[in-house]
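> My questions are about this predicted structure, shown below with the sequence.
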Amino acid sequence: MKKADVRKFNPNGAGITDGNIFGLPFNEQESNLILVPVPFEMTTSYGRGTAKGPKTILEASPQLDLFDVEYAELGLPRPWEFGIHMEPESARARTLNKDGCQAAKPVIAKGGVIGKNKNLKAKLLKANRISHALNTFVFERFQKHLQKNKLVGLVGGDHSVSFGAIQAVAQKHPGLGILHIDAHADLRDAYEGFEHSHASIMNNVIHKIPGVAKLVQVGIRDFCDEEYQLATTHPKISCYFDAHLRDRSLKGESFQKITKEIIARLPKRVYISFDIDGLETWLCPSTGTPVPGGLSFHQSSFLLKELALSGKTIVGFDLNEVAPSGRKNDQWDGNVGARILYKLCAAALYSQGARN
């Protein structure tokens, strides 16, 4: 893996606030890692704002100090040297989001119970067509970069946007495993009638992407009966419920031991799907569907580091459901989101052999 031209950037100075992600100066061509922002929240069913997630993270990211002591001890103190570039937001994605939200809003207001209402049926049909168009858009963006042997990550957006990304990565790496960090199981079948609801993403991944061989879920603490049944009986799924993680920890089991068990269930190539609400709620208070409990920042970064160290290869990732607070000068959610994103970048690059 070749480094970018690091002479362009002074890591001891301020980030370039009108520049790229993390205040870096690198373009797509010279970067090993490409981030695709997807400002889309059509199926969001509670708090809104995650369509602003990519912008929120981008705006907060230049204030990060990019020397990483965690990875310095492993030989990668400066992950940024390998080039990280985030594409500009696509006008196509913005238009799909605008049209999709208009179509979906009255359906969501009825909880998906539309009966014989022809108007609502037409809006649901339109919303489902838009979700398929969005999946195609994301798939094509990922496929373009994967064909150039780039490492690719997605920045959402509600969690539904991950489908096209996982589909593209699984096509290149059949037998793929998914490490899914989330408060929610996301195993509902077409929640509220939306074929690609944010609450149905992992159901769709398991049933519609044959290249995915394993789904390992961590931190799950909000789910319905049907999701519990699927999570505990489907041969492709291993679910680490938050309540069970808590009990094992309180009974004296180390998180390191649990982490090794989680990683052992994953195949050689891994895609990470990280919903920010998988974290403790105080770390992401503005996310659309917050749930008490969750992983600490340190637990999540430890899990990512241990995966990178395991000899398994991280071949793609996404970060979703970051939303701005709406309070003036409050960048807390973006700050935490940017730091998780940098940890995802570092873990993925390290697993691919990057060393300073």
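Okay, I see it.

> all contacts plus neighbour counts: C-alpha atoms, from now on.
Will do.

> so the spatially most central residue of the chain, which of the three states?
Taking CA atoms, centre = their mean as the criterion, residue 319 is the residue nearest the geometric centre of the chain, at 2.4 Å. Put simply, residue 319 is strand when judged by DSSP: H, G, I helix; E, B strand; the rest coil.

> Buried residues in the helix of greatest length in the chain, which are they?
Taking DSSP state H as the criterion, the chain has its longest helix at helix 118-147. Of all the residues in helix 118-147, those buried under the rule 16 or more other CA atoms under 10 Å are 120-121, 123-128, 130-131, 133-139, 141-143, 145-146.

> surely the residue nearest to the centre of the chain meets residue 271?
No: taking CA atoms under 8 Å as the definition, residue 319 is not a contact partner of residue 271, at 11.3 Å.

> so where do the strands sit in the stretch 1-150 of the chain?
33-38, 84-86 (DSSP state E, counting those that start in this stretch).

> One more: the stretch 251-356 of the chain?
In the stretch 251-356 of the chain, the segments counted as strands under DSSP E, counting those that start in this stretch are 269-275, 313-320.

> as a whole number, average confidence for stretch 45-61?
Throughout stretch 45-61, pLDDT has a mean value of 93.

> ok, now how distant is the most far-flung residue of the chain relative to its centre from residue 282?
Distance from the C-alpha centroid of the chain peaks at residue 116, with 36.2 Å (CA atoms, centre = their mean). Relative to residue 282, residue 116 is positioned 42 Å away (CA to CA, to the nearest Å).

> Also residue 74?
For residue 74, the distance to residue 282 - CA to CA - is 30 Å.

> Also residue 185?
For residue 185, the distance to residue 282 - CA to CA - is 20 Å.

> the more surrounded of the two?
Between residue 185 and residue 282, counted using other CA atoms under 10 Å, the more crowded position is residue 185 (27 against 15).

> That one and residue 216 touch, don't they?
No: between residue 185 and residue 216 there is no contact under CA under 8 Å: 10.5 Å.

> can you list the weak-confidence ranges in the stretch 151-300 of the chain?
Within the stretch 151-300 of the chain, no range satisfies pLDDT under 70.

> And the helices in it?
162-172, 201-208, 225-233, 242-250, 255-264, 297-309 (DSSP state H, counting those that start in this stretch).

> which residues in the stretch 1-150 of the chain form helices?
Under the criterion DSSP H, counting those that start in this stretch, helices of the stretch 1-150 of the chain are mapped to 53-60, 69-72, 91-109, 118-147.

> Of these, which is nearest residue 262?
helix 69-72 (20.4 Å; CA to CA).

> okay but residue 45 is in contact with residue 108, surely?
Yes: Residue 45 is within contact range of residue 108, at 6.4 Å (criterion: CA under 8 Å).

> Looking at the two, which one has more neighbours?
Using other CA under 10 Å, the more surrounded residue of residue 45 and residue 108 is residue 108, with 22 against 19.

> residues contacting that one?
43, 45, 192 (CA atoms under 8 Å, 6 or more residues apart in numbering).

> Turn these into CSV, including distance to residue 267.
Listed next are the contacts of residue 108 as CSV, based on distance: CA to CA, whole Å:
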residue, distance to residue 267
43, 31
45, 33
192, 33
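
> Which member of the residues you listed is positioned nearest residue 96?
Closest to residue 96, out of all of the contacts of residue 108 and judged by CA to CA, is residue 43, at 12.1 Å.

> residue contacts, the closest one?
Here residue 43 is in contact with 101, 104, 108, 158, 160, 194, 196, 197, 198 (criterion: CA under 8 Å, 6+ apart).

> try it again with 7 Å
104, 197, 198 (CA atoms under 7 Å, 6 or more residues apart in numbering).

> Highest neighbour count among these?
Of these, with other CA under 10 Å as the count, residue 197 tops at 29 neighbours.

> I'd like the distance between that one and residue 117.
Counting by CA to CA - residue 197 and residue 117 are separated by 21 Å.

> what does residue 69 give?
Here residue 69 is placed at a distance of 58 Å from residue 117 (CA to CA).
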